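**Student:** Sequence and predicted structure, then a few things I'm wondering about:
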Amino acid sequence: MSDQSDRPFLQIVVCAAGVAADVGKLIAAAQERHWDVGVVATPQGLGFLDVEAVEARTGRPVRSAWRSPGEPRPTRPADAIAVAPASFNTVNKWAAGICDNLALGILCEAPAMGVPVAVLPYLNSAQAAHPAYGQSLERLREMGVLIGSYEPHRPKAGGGADRYRWEEVLELLAPWVSAGA
C-alpha cells in the first residue's frame, strides 16, 4: 500500500456516473500535484470503475464497504476530499444527512472534522432542475463544501465527458490545502 506521509492525502469519492471510468485522469492530475491518493466508490459507483487499474495507479485498494470492528484503518485520515463524479443521488443523500454507505459516511463527517471537500457534479439537466438538487447544493455550500461548475448535459443523451474538468476539484482545494500546510 502507498503511504507517502510526506504528501497530503486526497480521498477521491467516485459515484455511479458515466464519466467515472475516467477517474484515472483525476488520479494522475492529483499525483502530478504531489498528492497521495486513495479512492472510495459508492456501491453502485464500483461497477463503473476499472478497479484493478485504479488500485495499480494509487497503490491502494478501492474501498466501498466499512471495515469490520477491530480491523485496522486502511488509510490515514484525508487532508482533503474530492467527490468526482458526484451523482444526483449522492449529492441529495449527503445534504439530507443520509449515511447508508461508506462514501456517504465519510462525506457526512468530513465538514465537521475540518476536512475540505470539493464536489464536481455530473448529472443531466432534468435532474438538475429538480428542486431538491438546488436545495442540496445550497445546504452543502452552507456546510463549507466547495462546488464545481459542471454544466449538466441533456437527459437520455449521456455525454458531457468532454466538458468534465476533473482538475477543477483540485483547483478548488488548492487554497485550503496550501493554508493547512
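**Tutor:** Thanks, I have the structure now.
**Student:** how about residue 128, secondary structure?
**Tutor:** Following DSSP: H, G, I helix; E, B strand; the rest coil, residue 128 is assigned to helix.
**Student:** Just the pLDDT for it.
**Tutor:** At residue 128, the pLDDT value in this model is 97.
**Student:** looking at this, residue 150 is in a helix?
**Tutor:** No. Applying three-state DSSP, one finds residue 150 to be coil, outside a helix.
**Student:** Could you give the number of residues near it?
**Tutor:** 21 (other C-beta atoms under 10 Å). (Glycine included, C-beta is placed from N, CA and C.)
**Student:** Wait, a strand at residue 82?
**Tutor:** Yes. Read with three-state DSSP, residue 82 is one of the residues of a strand.
**Student:** Please renumber the chain so that the first residue is 13 from this point on.
**Tutor:** Let's use 13 as the start, then, which means that last one is residue 94.
**Student:** That one reaches residue 21, doesn't it?
**Tutor:** No. Counting by C-beta atoms under 8 Å, residue 94 stays clear of residue 21, with 11.5 Å between them.
**Student:** Who has more neighbours out of those two?
**Tutor:** Taking other C-beta under 10 Å, residue 94 and residue 21 do not tie; residue 94 has more neighbours (32 against 19).
**Student:** Across the sheet, point out what pairs with that one.
**Tutor:** For residue 94, the beta-bridge partners are residue 24, residue 130 (DSSP bridges).
**Student:** Equivalent analysis for the one 4 residues further on, please.
**Tutor:** Following DSSP bridges, residue 98 is listed with bridge partners residue 133.
**Student:** who's in contact with it?
**Tutor:** Contacts here follow C-beta atoms under 8 Å, 6 or more residues apart in numbering; on that basis residue 98 touches 25, 27, 29, 131-134.
**Student:** can you do 7 Å?
**Tutor:** Taking C-beta atoms under 7 Å, 6 or more residues apart in numbering, we find residue 98 in contact with 27, 131-134.
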